[in-house]
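Undergrad: Sequence plus predicted model, see below.
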Amino acid sequence: MTVPSRHLRRRVPVLAASTVAVLSLAFVGPPAPSAAAVRPADETISATTPEAGLRELRLDDPSIDWKEVVVDGGDVERRPDGTAYNLFGGFGSVSCNNTSNLLLDYKEENPRAYWQIMRMLFDPVKGAGLTHIKVELGADSNSSSGAEPATKRSADEPANVLRGAGFHFIADALRINPDIEVEALRWGEPSWTGNDWTKRYQWYKETIDAAYDTFGVEFDWMSPAQNEVRHADYQVSELNWTVQFAKWLARDAAAPDARYDYSQIKIVALDSYRDGNNVAGRILANPEALANVDALGFHYDIEGGPNVTRLNKEYGMPILYSEGIAPMIDPQYRLAAEPARGGVGGTVSAADIADRFINAYRWSGAGSDPAHMTTFLFQPAVSAMYEGTQYSPKHLIRASDPWSGYWEGDVGIVTVRHFHQFIDHGWEYIEGATGGDGTKGDGGTNVDTSTRTILTARKPASAEGRPEWTQVHANNTLTDRYFEVKVADLGKRSRPLYAWETRGPDAGESYDANYFQKIGYYAPVRSEVIEGVKHDVYRVRVPASSIVTLSTLPRGVHGTTVSYRPGDFAPRARDEILGLPYRDDFEYDGYPTKVVGGRKMTYLERRGGTPRYTADQDGAFEVVATNDRRHRHVLQQQNHAHNRGYLWNVWGDGRQNVPSTAAPSTVLGDHRWADYTATVDFRLDLVDRDTTLANFAGLGVRQVYARGGDQATYAARVHEDGRWELRQLDTVVASGTVASFDAGAWHTLSVSARGNVISATLDRVQLAEHVDTSVNPVLTGRVALVSGYYNTHYDNLAVTPVKGHTWRSEKVDDSDPRIAYPDGFTFVRAGFAHFNRTQHVLGAGQSLALDFTGTGLNLFGATGAATLEVRIDGRTPNTVQVGVVGTRQTSYWLRGLSQRHHNVTVRVVSGTFTLDGIDVLSGR
C-alpha cells in the first residue's frame, strides 16, 4: 500500500540533492537521500528502437517446446473506482532478536564500512533499495538469535531507544531513503507490564514517542500483537488487544502532547506463523477489527484462502509476507558442492527466494484464493551477529567483524535488484502473467518441482507518460525454460524487451561473473491475434537455476541501472582476526562526542550503554557509571528477579507471562581465537530479591555457537557463598569452595585454554586445571560472560595470548574450494549451528586434501565414529580413531608443525566421517 512519506519531516537534516551525483559507495558519512534524485524517463531512446550496442537475443531452434505467457495490460484487478487492489510493495527487513547489534560497532569502528552496508541495503539507485523496516520492541529475553534490549525496564523509566541497534537502523536507513516505511512488533514483553493492556500500551506509546524525540522517526505501521502468536485463545485475545491499541492510538492523536498524528499509523494483524486464513477469519468475524486493522501479515507461507481473499478484495487490505528468509548459503559454497546449480539455484538459494516472493502473490496450489502478498520482509536482511548465532546465516549482507570493517554482500542483493530496479513501488500486478506452480515446501515451493514462476507488473495505468512494464522469472530447476510472451495493451507495439540475467559462472569464471548482467534485448518475432486483440510475441529463454528480468525500461526505473561487475559487493577491508591482546575497561574515553537528535552524546550515551563488540544472548549487559574511582564505569547485568523479561513462548504453551530463566549471557570476540587467557574483574550483587535464583558471576572461553547455559564450551562460575565450578559443556568437571569469600568485594577471575588443557584462577590463586580427554574438545572460540539474575558488575576484561602457544587461526569451510574431495562426497545443507550451513560426509575409501600454511589444524563438525588415515606432507600416514562428536566440536587435531606450507590428506578407512570445517592455526 502506497502512502506519502511522513518520515523525518522538519527533524533530520538531509544533504542537498545536488550532492547525490558525487556520492560513491566509499563515502564515509551519512549519505543524502537518493530515492527521487535521479529519475530520467529514458526519452532519448525510441519506444521501438533498442538501445545502441546491445545484441538482439533470438531463439530459432524449431525443436523448442514453447510455453505461452499472455501479458494483457488491462488484466489488473481493480476496484469500482478504477484503483488496483494490489500494488507492488517489494522487499524489506526485520531487525530483531539481536541480529543487527554489531552494526553499532561498525558505525563506531569503521563508519566507511557501515555506510557501505546501509547503502547496499537501502539505496534504491545503487543498492537493494529495501522499502520497509520492522524492528522488535525488545524485552531483554532471547527471542531466537539473542536478546533485544527493552526500551523500558520499569514503568517509571523513560523509554530509551538508544539501546541496541534497531532504532539506529531505522534512523540511518531513513537518511538514505526517507520513503522507507517503518514498523515495530513485540516478541517477549517486559515483566513490569504484567500483560496488563494499559501498562503494555504505556510501553508501546512511550517508545513511539521516544523514537520521535530521539531520532525524529514517525511510524507508518505497528504490529501490536505478539509475533507468531499461536493458540486459538491467545489469537482471539491478541486481536482484541490490537483493536484496543488502535483505539487508544487514535485517541492520543488528539492529545496536546501528540508528537504527530498517530491515527495515521496503520495496524497489522496478527503476524502469525502459517495461519493467515484462520487469522483472516477472526478479523472478518470481528467488526471492530475490520474497522481498525489495515493489513494482514503472516510468515513462511505462500497459500492464501477464502478469508484472505475476502479481506483483500472486499475490504481492500494488503497482504504481507511479514517475515521470510534471505538466502542461507553463500553461492561460492553452493557452487563447490552443487556445481550444476551454479550457486544461484537450490534450496534457500537466490532463485528460491525469488520463487517464494512470486508464489506468495499467486501460487497455483492455492486455486482461486491465492495469498496476493505484495511485500516480503527478510528476517534479517543483514546478519550483524556472530557466526554460530541461532539461525545465522540468512542474509543479504553478513557483517560479523566490526573491528576490521569486513562484510560480505552477495547474490541476495542481486535478487532484490532484479525486482526493485525495474518495478517501482506502487506498480500494478498483471494477474494472468503473475504466479507460479510446483509442490509446496517450507515457506515456498520445492526445488525442481515448478514449470514457471513469473511476476509481471506495469506502471499504474493512471500515471503520466508512456506505459512501462516488467516481468521477472525465477527458475529454480535444472531445466531451461522457453516462453512465448504475448503482449497487448501496453503502449506502442514492437518495443524491445531488455533482458537482465543472473546465473552461475561458465568454466573458468569467478563465481559471480554472471550476476545481474544486461545480456541484450528481445524483439517481437511475430504478431498474433488473441480474442480479437493483436499481441506482440516475444520468444524468451530462462536458463536453469537463474533469475531473469525483462523490461521495457532499458536502464531501470531510475534510469541508472548498470550491469554488475564481479566484486561489486565486496568490501575494501580484509577479513582480519580481532588481534590479541584485547582489553576493554568499559570507559571508552578515546571516542569523540557526536550529535544525535540535536544533542551531543558520548560513546556510551549514544549507544544506550551498549558495550563494544558484545552480543547478548539472554539478559541485558550495559555499561553504567559508579561512584568508585577505580571502576568509574562497569559492565552491569541489568536484569534481576523483579525486572527480567517475559519469554517469547508461542512455541510452548503460549503463556505470555513466563519469566526468563536462562542464565543471562553475552558473547564477545572472534571465533578464530585458539589458545588464550580470558580475565575479568567482577563484583556480585548482594540484594537477594529471590533466593531461589542462583547468584554468581561466570567467565567462559571457546564459544562457537549458540547453545544456552554458559554459551562457552569451558567456563568458571563463582557463587556468592564462595562455591566455584569449572564447567565443560555445562557439566561440572571440578568444584570447590573458597574459604572466607567476601561476596561484596571485587575479585579477578581467569580462564585459560591451552590446547585441551583448561585452567581457572580466582584472585591469582589456581582453582583447578582440567585436561579435556574427551573425543570432542572445542579448540577455538570467543569469550562469554554469564551471570545470575542479579546486577552483577564486571570490569577490566582482557584476552591475552598464552606464551608459546598459537592464538590465531583461520576457519576453512568444508565447501571451500581449497579443500579437495577426489573420491567423491555427500553434500549436506545443514542447519544454522554448522559453519556456513554446510557439511561434507565421507564414507570408506573417500578422502579430503588441503594445502595450508601454519603450525597445526583442527577438523571440526558433528560426525559419527570413524577410522581415519591422516597423512602430512606425504609422510607415512597415521591411523586415528575418531569418536562421535557434536556440533562444531573437534574430531581430530594436530599441533607442532613448523610455520610453513603443508599438505594434509585424510582418508576414511571405515565408518562415516562428517566435516564442517578446518581450523588452520598459524604462528606462535
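TA: Yep, that arrived.

Undergrad: can you pull out the helices in the chain?
TA: 103-109, 111-122, 166-176, 197-215, 232-252, 276-284, 287-292, 306-314, 331-337, 350-361, 411-420, 603-606 (DSSP state H).

Undergrad: and these, which is most packed in?
TA: helix 350-361 (a mean of 28; mean count of other Cβ atoms under 10 Å). Glycine gets a C-beta too; all of them are placed from N, C-alpha and C.

Undergrad: Run the angle between that one and helix 411-420 for me.
TA: Interaxial angle, helix 350-361 versus helix 411-420 (axes from the mean of the first three to the mean of the last three Cα atoms, to 10 degrees): 40 degrees.

Undergrad: Out of the helices of the chain, name the one with the poorest average pLDDT.
TA: Mean pLDDT is lowest for helix 331-337 among the helices of the chain, at a mean of 88.

Undergrad: what packs against it?
TA: The elements that helix 331-337 packs onto, with contact taken as 3 or more Cβ pairs under 8 Å, 6 or more residues apart in numbering; DSSP states H and E, are strand 838-842.

Undergrad: In CSV, list the C-alpha atoms belonging to the strand it packs on.
TA: The C-alpha trace of strand 838-842 is given here as CSV (Å, rounded to 0.1, in the frame of the first residue of the first chain):
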residue,chain,number,x,y,z
THR,A,838,27.3,-26.8,5.1
GLN,A,839,28.7,-30.3,5.7
HIS,A,840,30.5,-32.9,3.7
VAL,A,841,30.0,-36.5,4.5
LEU,A,842,32.7,-39.1,3.5
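
Undergrad: Strand partners (parallel or antiparallel) of it?
TA: Sheet partners assigned to strand 838-842 using DSSP bridges are listed as strand 826-829 (antiparallel), strand 913-915 (antiparallel).

Undergrad: Please work out which of these is packed deepest.
TA: Buried most deeply of the strands paired with strand 838-842, by mean count of other Cβ under 10 Å, is strand 913-915, with a mean of 25.

Undergrad: Name the residues that touch that one?
TA: 814, 819, 828, 839-842, 848, 859-864, 866, 868, 882, 891, 906 (Cβ atoms under 8 Å, 6 or more residues apart in numbering).

Undergrad: Just the buried residues out of those, in ChimeraX syntax.
TA: To isolate the buried members of the contacts of strand 913-915 in ChimeraX, using 16 or more other Cβ atoms under 10 Å:
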select :814,819,828,839,840,841,842,848,859,860,861,862,863,866,868,882,891,906
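
Undergrad: so how far is residue 265 from residue 219?
TA: Going from residue 219 to residue 265 by Cβ to Cβ, to the nearest Å gives 5 Å.

Undergrad: typo on my end, it should be residue 188
TA: Distance from residue 188 to residue 265, by Cβ to Cβ: 22 Å.

Undergrad: For these two, indicate the residue with more neighbours.
TA: For residue 188 versus residue 265, neighbours defined as other Cβ atoms under 10 Å are more numerous around residue 188 (28 against 23).

Undergrad: which residues does the more buried one contact?
TA: 138, 139, 140, 141, 143, 645, 646, 647, 648, 660.

Undergrad: Skip the chain neighbours and tell me the closest residue to it.
TA: Once flanking residues are discounted, residue 188 sits nearest to residue 139: 3.4 Å by Cβ to Cβ, 6 or more residues apart in numbering.

Undergrad: What's the local residue count around that neighbour?
TA: Residue neighbour count, defined by other Cβ under 10 Å, stands at 30 for residue 139.

Undergrad: What score does residue 329 have for pLDDT?
TA: 88.

Undergrad: so what's it up against?
TA: 346, 348, 349, 393, 829, 836, 837, 838.

Undergrad: Of these - the most surrounded one?
TA: That'd be residue 349 among the contacts of residue 329, by other Cβ under 10 Å, with 29 neighbours.

Undergrad: I'd say that residue and residue 334 touch.
TA: Yes. Taking Cβ atoms under 8 Å as the definition, residue 349 is a contact partner of residue 334 at 6.6 Å.

Undergrad: And the strands paired with strand 838-842, which one averages the lowest pLDDT?
TA: Minimum mean pLDDT among the strands paired with strand 838-842: strand 826-829, a mean of 92.

Undergrad: To residue 67, which of the helices of the chain lies closest?
TA: helix 350-361 (15.9 Å; Cβ to Cβ).

Undergrad: Who are the packing partners of that closest one?
TA: strand 319-324, strand 373-378, helix 411-420, strand 435-436, strand 453-458, strand 469-475, strand 546-551.

Undergrad: cutoff 7 Å now
TA: strand 373-378, helix 411-420, strand 435-436, strand 453-458, strand 469-475, strand 546-551 (3 or more Cβ pairs under 7 Å, 6 or more residues apart in numbering; DSSP states H and E).

Undergrad: which outside residues touch that helix?
TA: 302, 321, 324, 326-327, 344-346, 370-374, 376, 411-412, 414-415, 418, 429, 434-436, 443-445, 447, 450, 453-455, 472, 474-476, 502, 545-547 (Cβ atoms under 7 Å, 6 or more residues apart in numbering).

Undergrad: follow-up on the earlier one: want to throw the helices and strands packed on helix 350-361 into TSV with distance to residue 786?
TA: As requested, those are arranged in TSV below (distance: least, Cβ to Cβ, whole Å):
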stretch	distance to residue 786
strand 373-378	31
helix 411-420	34
strand 435-436	47
strand 453-458	47
strand 469-475	45
strand 546-551	45
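
Undergrad: So for residue 624, which of those sits nearest?
TA: Nearest to residue 624, of the helices and strands packed on helix 350-361 and by Cβ to Cβ, is strand 373-378 at 34.4 Å.

Undergrad: Just give the strands next to the closest one in its sheet, each with its orientation.
TA: strand 90-95 (parallel), strand 319-324 (parallel).

Undergrad: Same list, those strands, but as CSV with mean pLDDT, distance to residue 118 and mean neighbour count please.
TA: Formatted as CSV, the strands paired with strand 373-378 follow (pLDDT from 0 to 100; distance: least, Cβ to Cβ, whole Å; neighbours: other Cβ atoms under 10 Å):
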stretch, mean pLDDT, distance to residue 118, mean neighbour count
strand 90-95, 98, 11, 27
strand 319-324, 98, 21, 27
